[in-house]
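Q: The sequence and its predicted three-dimensional model are supplied below.
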Amino acid sequence: MSVATLLDRAKSQGVMIATAESCTGGMVAAALTDIPGSSAVVDRGFVTYTNDAKQQMLGVQAETLDAYGAVSEKVAQQMAHGALRNSNAQLTVSITGIAGPGGSEFKPEGRVCFGLAAKGQKTITETVEFGALGRDKVRLAARDHALDLLSRGLSSIA
C-alpha cells in the first residue's frame, strides 16, 4: 500500500499516528509527512537515538535496556507504548536496530526490532534480520517495513 493510501485510510478511520524511531532517525515520520495533508493523521514522531532519550521521551525502563539491550523486542514494545502514552495517537510504530556498519555475533548488523501498538489492541513485536546490506539499505528496509506494519495496524483496528 502506498503511503498516501495509508494516510487516506487512517484519516477515514479517524486514526492518528505517532512514530518512535531509533536506527531510522525519523525516516518513517518523514515518509508520512512528505504527503500533503498528512497533518490530519500524523500526530508526532519521537527520534530516540540514545538509551537516555528512549527513557526520557518514551519511558523505556533502564532495567529493560540492561536486561535485553536497546535492540530487542522488549525495548521496541516499550517504545511503542511510550509513543502511545505520550501522544494523541491511536496507532504507533517503533523501530530499534543495528543499521551498521558493525554489530556482534549476538546482535548482527541488519537486525531491527519493531513494535506496533494501538489503543485497545494487543501490542505486536517482531524482529527482522535484513542482513548486512549496508547502513542506507537497512534503514530504508526498516522504514518500509514500519510503514507496512502501520498498514496492518489500520486493518486490525478497522
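A: Looks like it arrived, so ask away.

Q: and the helix or strand residue 145 falls within, which residues are buried?
A: Assigning secondary structure by DSSP states H and E places residue 145 in helix 135-156. Buried residues in helix 135-156, counting neighbours by 16 or more other Cβ atoms under 10 Å, are found at 135, 138-143, 145-147, 149-151, 153-154. Every C-beta, even on glycine, is put in place using the N, C-alpha and C of the backbone.

Q: On the strand side of things, show who the residue sitting nearest the centre point of the chain bridges to.
A: Note on the chain: the residue nearest the mean C-alpha position is residue 94, at 2.1 Å, using Cα atoms, centre = their mean. Beta bridges link residue 94 to residue 20, residue 115 when assigned by DSSP bridges.

Q: so what's it up against?
A: Counting by Cβ atoms under 8 Å, 6 or more residues apart in numbering, residue 94 makes contact with 19-21, 76-77, 79-80, 83, 114-117.

Q: So for stretch 125-133, first residue to last residue, what's the gap.
A: Start and end residues of stretch 125-133 are separated by 22 Å (Cα to Cα, to the nearest Å).

Q: And the pLDDT at residue 158?
A: Residue 158 is assigned 64 on the pLDDT scale.

Q: all helices of the chain, in order?
A: 3-13, 27-33, 51-58, 62-68, 73-85, 135-156 (DSSP state H).

Q: contacts for the longest one?
A: Contacting residues not belonging to helix 135-156 are listed as 1, 3, 6, 9-10, 13, 15, 17, 19, 21, 23-25, 27-28, 31-32, 91, 93, 95, 97-101, 109-110, 112, 114, 116, 118, 121, 124, 128, 130, 133 [Cβ under 8 Å, 6+ apart].

Q: just the buried members of those?
A: Counted by 16+ other Cβ under 10 Å, the contacts of helix 135-156 give 3, 6, 9-10, 15, 17, 19, 21, 23-25, 27-28, 31-32, 91, 93, 95, 97-100, 109-110, 112, 114, 116, 118, 124, 128, 130 as buried.

Q: Distance from stretch 12-32 to the middle of the chain?
A: How far stretch 12-32 lies from its chain's middle: 7 Å, per Cα atoms, centre = their mean, to the nearest Å.

Q: tell me the mean pLDDT over it?
A: On average, stretch 12-32 scores 97.
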